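**Student:** Below are the sequence and a predicted model; questions follow.
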Amino acid sequence: MGSLEVRGLGKDFIVRNGLRRSTLRAANDISFVLEQGKTIAIVGESGSGKSTVARMIAKLEQPTSGHILLDGAPTATRGRALAEYRHQVQMVFQDPFASLNPFHSVAHHLDRPLRLHGASGDADEMRRRVSELLERVNLSPADVFAAKKPHEMSGGQRQRVAIARALAPGARFLIADEPVSMLDVSIRLSILNLLARLQREDNLGVLYITHDLATARHFSDEIVVMLRGQIVERGRADDVILNPQHDYTKQLLAAAPDPRNRGRLRDEVRAAVPSRPAT
């Protein structure tokens, strides 16, 4: 069973205000272990540092301190070793439209990562593999969607393409940074249900970045709560939600929108994302 581990991860940003410079610590001493087949949700308000942690793990930001280990081995920051890391660890971004090139077709978005990460074959073979990826994310008929441009699809369809692109290299770990926050409420659960199915099929480890405590509880094995760049609470999903220990976690739960519909939302999430067996 593979694992993705972060140890003491920290990130400082230099803030300039005229001639004055100051340091902003966006993440401080972040540590956890994500195993294949498991999901960890990082929750917190905007500015808590959760997306910064995601970007560091995806190698889009260089950590100021700490280490990232894949299967117990340190990870590289450049060269072939970095390419191999990205083969194993992929990211799904918050905005599916911004993450796709509007000038290229869906087929191009999926064919390119396949080839970059070592897939080989003639044109027919690559079309077959692209079609297979589209069908896995419930975009059918595949040949019709393969020819489309991003602007010709809905937000949910674009996010499905982004998920398929992340799967194309054969990733074992998926970093989902607010993957449904830009989508209509009516299709959010279908995307989470898709991620849950793909996780089961591919034994994916998923790092789920969100501010939605309802989905964090029912989609995740463990919840990590961040405040001002630090972890203030962590534990099994049900334990954190049903018996929060930190005042900030209690405030997040109290501030959850539409409290009158909380029971209905909980039931809908349970129906869309099957419950996990006790371990």
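**Tutor:** Sure, I can see it. Note that the structure is a prediction, hence the values are computed from the model and not measured. Numbers count the residues shown, from 1 in each chain.

**Student:** And the lowest mean pLDDT element among the helices and strands of this protein?
**Tutor:** Every helix and strand of the chain was ranked by mean pLDDT, DSSP states H and E. The lowest is helix 262-272, at a mean of 48.

**Student:** Can you give me the neighbour number for the closest residue to residue 240 other than its chain neighbours?
**Tutor:** Nearest residue to residue 240 in three dimensions, chain neighbours excluded: residue 223, at 4.3 Å (CB to CB, 6 or more residues apart in numbering). Using the backbone N, CA and C atoms, a C-beta is placed for each residue, glycine as well. Residues within reach of residue 223, counting by other CB atoms under 10 Å, total 26.

**Student:** and what of residue 60?
**Tutor:** Neighbourhood size, residue 60 [other CB under 10 Å]: 12.

**Student:** which ones are touching it?
**Tutor:** The neighbours of residue 60, taking CB atoms under 8 Å, 6 or more residues apart in numbering as the test, are residue 91.

**Student:** my guess is the residue nearest to residue 240 is in a helix, correct?
**Tutor:** No - secondary structure of residue 223 (DSSP: H, G, I helix; E, B strand; the rest coil): strand, not part of a helix.

**Student:** and the most centrally placed residue in the chain, bridged to which residues?
**Tutor:** For the chain, the residue nearest the mean C-alpha position is residue 176 (1.0 Å; CA atoms, centre = their mean). Listed by DSSP bridges, the beta-bridge partners for residue 176 are residue 92, residue 208.

**Student:** what do you get for residue 3?
**Tutor:** Note on residue 3: beta-bridge partners by DSSP bridges are residue 35.

**Student:** quick one: it and residue 36 touch, right?
**Tutor:** Yes - with contacts counted by CB atoms under 8 Å, residue 3 reaches residue 36, the gap being 7.1 Å.

**Student:** Quick check: neighbours shared by these two?
**Tutor:** Joint contacts of residue 3 and residue 36 (CB under 8 Å, 6+ apart) are residue 205.

**Student:** I'd guessed residue 166 sits against residue 91; true?
**Tutor:** Yes - contact criterion CB under 8 Å: residue 166 and residue 91 qualify, at 6.7 Å.

**Student:** Give me the common contacts of the two.
**Tutor:** With CB under 8 Å, 6+ apart as the test, residue 166 and residue 91 both reach residue 174.

**Student:** Next one: residue 156 relative to residue 130, how far apart?
**Tutor:** Residue 156 sits 19 Å away from residue 130, going by CB to CB, to the nearest Å.

**Student:** more crowded one of these two?
**Tutor:** residue 130 (24 against 19).

**Student:** Do you have the strands of the protein handy? List them.
**Tutor:** Counting by DSSP state E, the chain has strands at residues 3-17, 20-35, 39-43, 65-70, 73-74, 89-92, 173-177, 205-210, 222-227, 230-236.

**Student:** Which strands or helices does the third one pack on?
**Tutor:** Okay, so that is strand 39-43. helix 50-57, strand 205-210, helix 213-219, strand 222-227 (3 or more CB pairs under 8 Å, 6 or more residues apart in numbering; DSSP states H and E).

**Student:** out of those, which comes closest to residue 196?
**Tutor:** Closest to residue 196 of these, according to CB to CB: helix 213-219, at 6.6 Å.
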